[in-house]
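>>> coords below, sequence missing:
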């Protein structure tokens, strides 16, 4: 009886092992057959322009008043200097500017708007695309 149980366990183990291997092979073969329309790898690189990087700058303000004050300050700079740079924006919000920030900015902020995104509790200023000079 002991040897019978031992042989039965051995045979069942072999059968289960063979069925597992066979199902893995069949699943792999089915995946290979159905996935014949593989997409080619996109090997081209995309580079962000300086304009896209500057537009991506979003500082969050705790209140609408703070954001509107920053926008008013930037409009005052436009009145006095004729333009405002991304550097002015970053300095006003406490971020370190880069050299490229001096070469981009706005001559008018009529299209800029203060909004509160649906997913967040803080306000942001959404600027138009900056000009390069």
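Everything's here; your move. Model, not experiment: these values are computed from the prediction. Residues are numbered from 1 along each chain as shown.
>>> tell me the domain ranges of this structure?
1-33, 51-132 (automatic domain parsing).
>>> which stretch in the ones you listed has the least confidence?
Mean pLDDT is lowest for domain 1-33 among the domains of the chain, at a mean of 70.
>>> any chance of the domains of the chain in JSON lines, plus mean neighbour count?
Bear in mind the C-beta positions are built from the backbone N, C-alpha and C, glycine included. Below are the domains of the chain laid out as JSON lines (neighbours: other Cβ atoms under 10 Å):
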{"stretch": "domain 1-33", "mean neighbour count": "9"}
{"stretch": "domain 51-132", "mean neighbour count": "15"}
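>>> where along the protein do the helices fall?
2-34, 50-55, 64-81, 86-93 (DSSP state H).
>>> wait, doesn't residue 130 sit right on residue 86?
Yes. Using Cβ atoms under 8 Å, residue 130 is in contact with residue 86, at 5.9 Å.
>>> who are the neighbours in contact with residue 117?
Residues in contact with residue 117 (Cβ atoms under 8 Å, 6 or more residues apart in numbering) are residue 124.
>>> For it, give me the backbone phi and psi.
phi -60, psi 150 (degrees, to the nearest 10).
>>> if I look at it, how far off is residue 91?
24 Å (Cβ to Cβ, to the nearest Å).
>>> which ones are touching the nearest residue to residue 91 once chain neighbours are set aside?
Nearest residue to residue 91, sequence neighbours excluded (Cβ to Cβ, 6 or more residues apart in numbering): residue 97, at 6.1 Å. Each residue near residue 97 by Cβ under 8 Å, 6+ apart is listed here: 86-87, 90-91.
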